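Q: okay, here's the prediction I keep looking at, along with the sequence it came from:
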Amino acid sequence: MAAKIISGRELSAQVVEELRERVARLKEKGITPGLAMVRVGDDPASISYMKQKSKTAAAVGVYSETIVFPEDTPEETLLAKIEELNHDPKFHGILVQLPLPKHIDERKVIEAIDPVKDVDCFHPVNVGKLLIGEPYLLPCTPHGVWQMLLRSGYSPEGKHVVICGRSNINGKPLFAILIQKKAGANATVTVCHSRTPDLARFTRQADILVVAIGRPRAITADMVREGTVVIDVGVNRVPDPTKKSGFRLVGDTDFEALSEKVEAITPVPGGVGPMTVAMLMWNTVVAAEFQAGPA
Ligand code: NAP
């Protein structure tokens, strides 16, 4: 039987609607949530992600500015800009688009952002708050994955979730979200990585399988069982001469084959990607509400 397709486009539109209402309430108090987005260099994927973020910000009613520095910008210049943005009351959220050029220390830059404005939720203070079960914000992609599960009727509560990938932006924080002692979380979570022997032994045990490894179509139909809900975080460019760009985007799973077998699956594109952007706006609104203080 064909799987249910969990559409990130539809679910993110729902989130955008909800956020518009919260933004309207803030605007009644004279507050327009503001998001500063900083990019260094002209990486085509980064440009495209940032365009999407600006578009969604406008749809939600968030004021956004994109600040672009040339590729050879010294680290100190970037750090000075972040310091300025930390003190600029127009902006409730600051994000620095990654990856940064090699000569800039990514960690130093992330740690320079005021944790209150850290809408990517990469600052160690915010990562720590999440891990002790008292989150201020949630990191965008894992939060998007969680919301997709909740909003499509596949709560992770009491389920065995297998995550492939242990990066700081995906696997690790998703683990921290799903093991929270909290309604809608309370999952039993297994995290796999490149040193996991016999990956299929684990993926076949999943009630919910989340894949974030950056390997095109690595998860094949024989690695999953019927009834599994699959969330594909991967975004990979593969050559496609029929496309004007010369490439197309595919996920980390063999979508066509898996969708003949599993209970539900997210497409790529149109899956986790739009939810990630919606969650960035969610964080900007939360940060603006927090900075506005009690009503
Ligand atoms: P990353 O930092 O490269 O981490 C990849 C993780 O996958 C690592 O933990 C690695 O293990 C593990 N891994 C690699 N090959 C594996 C294999 N064959 N079997 C099992 N585990 C394996 O990547 P990332 O930044 O998390 O991104 C992962 C994917 O998600 C990429 O395609 C990226 O483009 C996509 N992404 C999508 C969104 C979105 O909004 N949709 C957002 C962010 C990223 P080790 O730790 O042992 O190296």
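A: Right, received. Where do you want to start?
Q: and stretch 86-99, what's buried?
A: Within stretch 86-99, the residues scored as buried using 16 or more other CB atoms under 10 Å are 91-98. Every C-beta, even on glycine, is put in place using the N, C-alpha and C of the backbone.
Q: for stretch 256-264, same thing?
A: For stretch 256-264, a neighbour-count test (16+ other CB under 10 Å) marks 258-259, 261-264 as buried.
Q: the ligand: which of the residues you listed is nearest?
A: Among the buried residues of stretch 256-264, residue 258 lies closest to the ligand (CB to the nearest ligand atom), at 16.1 Å.
Q: circling back to that earlier point, with distance to the ligand added, can I get the buried residues of stretch 256-264 in TSV?
A: As requested, these are exported to TSV (distance: CB to the nearest ligand atom, whole Å):
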residue	distance to the ligand
258	16
259	18
261	20
262	19
263	21
264	17
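Q: in strands, which of those residues appear?
A: Using DSSP state E, residue 264 are the members of the buried residues of stretch 256-264 that sit in strands.
Q: possible to save the buried residues of stretch 256-264 as JSON lines with distance to residue 115 and pLDDT?
A: Listed next are those as JSON lines, based on distance: CB to CB, whole Å; pLDDT from 0 to 100:
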{"residue": "258", "distance to residue 115": "39", "pLDDT": "98"}
{"residue": "259", "distance to residue 115": "40", "pLDDT": "98"}
{"residue": "261", "distance to residue 115": "43", "pLDDT": "98"}
{"residue": "262", "distance to residue 115": "38", "pLDDT": "98"}
{"residue": "263", "distance to residue 115": "38", "pLDDT": "98"}
{"residue": "264", "distance to residue 115": "35", "pLDDT": "98"}
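Q: low pLDDT regions in the stretch 1-150 of the chain?
A: Applying pLDDT under 70 to the stretch 1-150 of the chain picks out residues 1.
Q: can I get the buried residues of stretch 256-264 in a markdown table with distance to residue 243?
A: Converted to a markdown table, the buried residues of stretch 256-264 look like this (distance: CB to CB, whole Å):
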| residue | distance to residue 243 |
| --- | --- |
| 258 | 23 |
| 259 | 22 |
| 261 | 28 |
| 262 | 27 |
| 263 | 31 |
| 264 | 28 |
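Q: returning to what we had before: which of the buried residues of stretch 86-99 sits closest to the ligand?
A: Minimum distance to the ligand across these is 8.9 Å, recorded for residue 98 (CB to the nearest ligand atom).
Q: who's in contact with the closest residue to the closest one other than its chain neighbours?
A: Excluding the flanking residues, the one nearest residue 98 by CB to CB, 6 or more residues apart in numbering is residue 106, at 6.5 Å. For residue 106, the contact set (CB atoms under 8 Å, 6 or more residues apart in numbering) comprises 98-100.
Q: can you give me the helices in this structure?
A: Shown for the chain, the helices assigned by DSSP state H span residues 8-28, 44-60, 75-86, 106-112, 124-131, 140-151, 171-178, 199-203, 255-258, 272-292.
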